[in-house]
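Asks: Okay, sequence plus prediction incoming.
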2 protein chains.
Amino acid sequence: MPDQPGKHRSIPLVRELVRTYQAFEQLSSQRIKQHGLTHPQFDVIATLGNTPGMSCRELSERTLITKGTLTGVLDRLLDKGLISRTVPEHDRRSLFVALTPAGEAVFDSAFPDVVSHCGEAFDHLDDASLNQHIAMLAALRAAIGQKLEPAE
Amino acid sequence: MPDQPGKHRSIPLVRELVRTYQAFEQLSSQRIKQHGLTHPQFDVIATLGNTPGMSCRELSERTLITKGTLTGVLDRLLDKGLISRTVPEHDRRSLFVALTPAGEAVFDSAFPDVVSHCGEAFDHLDDASLNQHIAMLAALRAAIGQKLEPAE
DNA sequence: TATTGTTATACTCTATAACTATA
DNA sequence: TATAGTTATAGAGTATAACAATA
């Protein structure tokens, strides 16, 4: 029985995507760790940076960290003094999470450092290549997004 | 003081890479979980698949799981009956890890399923695009690899 | 009733260092 | 001495379900 036409054509792409993703994960994790943060903690700091703050619900949606897990991550960031949790007037069920000045300081140093460290790998690319790569990744992401089971 | 020329040119690429990587991670994890495996467990099964087996040391190098962690991952795969650990004659310090028939059955069903599920996202691409994407990812990976601290 | 977030539970992964057995 | 792997330790993330407080 012959293969369905094109059934496994994209496997080499998947393999290459996995390898690239592992390499990038390794590179970014190394650098994040140097700032005393875990990856989820960095994600939270990066999400809160340059915002006035947000609810746990919104933070959970943006970081893809489920609410039960998020409580623990926020506990540790609170211990480090990097975030504040306050009960807003208008809805006392929710919590408003924001960076403290110390948290902002960490964001200001860690975020550009991690991003630019990772970015340095690509500095040799000219603008045209850069844009081409970005367009390609965006296309891949859009294709992946369509396969993802809807959140809710 | 003006920015150094080109200092942050590649940040949009990094951002897009992060997003693509998160989407892919989500997609593959969903599918891996459906086979009753964690990501590290899947990596081990995938690494052992289509090989006669290998030492813990080699498995550790290939999966990037450190030896102390690997012991625990292998323990759980052993509990599930998916691998065997045997002491080879020629060097009784080491352990030879291989898939059991049950492990091979899991490999044969899980690995193609995960890969092709992820691959389906890209089935709409023609061969030329596919090859172009692969080449770009390989270029990105090579660039990242040069920034990674040598494992030693 | 529905929503927001915490707590309880249980498990997995993670790194590190000390350790055992073998070479 | 060096190498292969385990164990001990401690911490962090993960999902789930039950729960409390509020809307």
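Replies: That came in fine, so what should we check first? Numbers count the residues shown, from 1 in each chain, chains lettered A, B, ... in the order given.

Asks: give the contact list for residue A:57.
Replies: A:67, A:94 (CB atoms under 8 Å, 6 or more residues apart in numbering or on different chains). Using the backbone N, CA and C atoms, a C-beta is placed for each residue, glycine as well.

Asks: Helix or strand for it, just tell me which one.
Replies: Residue A:57 belongs to helix A:56-63 when assigned by DSSP states H and E.

Asks: In chain A, what residue lies closest to DNA strand D?
Replies: Proximity to DNA strand D, evaluated over chain A using CB to the nearest atom of the strand, is greatest for residue A:68 at 2.5 Å.

Asks: And for that residue, the neighbour number?
Replies: 8 (other CB atoms under 10 Å in any protein chain shown).

Asks: pLDDT averaged over the helix or strand in which it is found - what is it?
Replies: Residue A:68 is part of helix A:67-79 when elements are defined by DSSP H and E. Mean per-residue pLDDT for helix A:67-79: 98.

Asks: Give me the most central residue, chain A.
Replies: For chain A, the residue nearest the mean C-alpha position is residue A:43 (5.0 Å; CA atoms, centre = their mean).

Asks: Cross-check the contact I'm expecting between it and residue A:63.
Replies: Yes - here residue A:43 reaches residue A:63: they are 4.7 Å apart, a contact under CB atoms under 8 Å.

Asks: In a strand, residue A:90, correct?
Replies: No - remark: residue A:90 does not belong to a strand; assigned using DSSP: H, G, I helix; E, B strand; the rest coil, it is coil.

Asks: how many neighbours does it have?
Replies: 5.

Asks: got the phi/psi numbers for it?
Replies: For residue A:90, the backbone dihedrals (degrees, to the nearest 10) come out as phi -80, psi -20.

Asks: Packing partners of whichever helix or strand residue A:107 is part of?
Replies: Residue A:107 belongs to helix A:101-120 when assigned by DSSP H and E. Under the contact criterion of 3 or more CB pairs under 8 Å, 6 or more residues apart in numbering or on different chains; DSSP states H and E, helix A:101-120 touches helix A:11-34, helix A:39-48, helix B:11-34, helix B:127-147.
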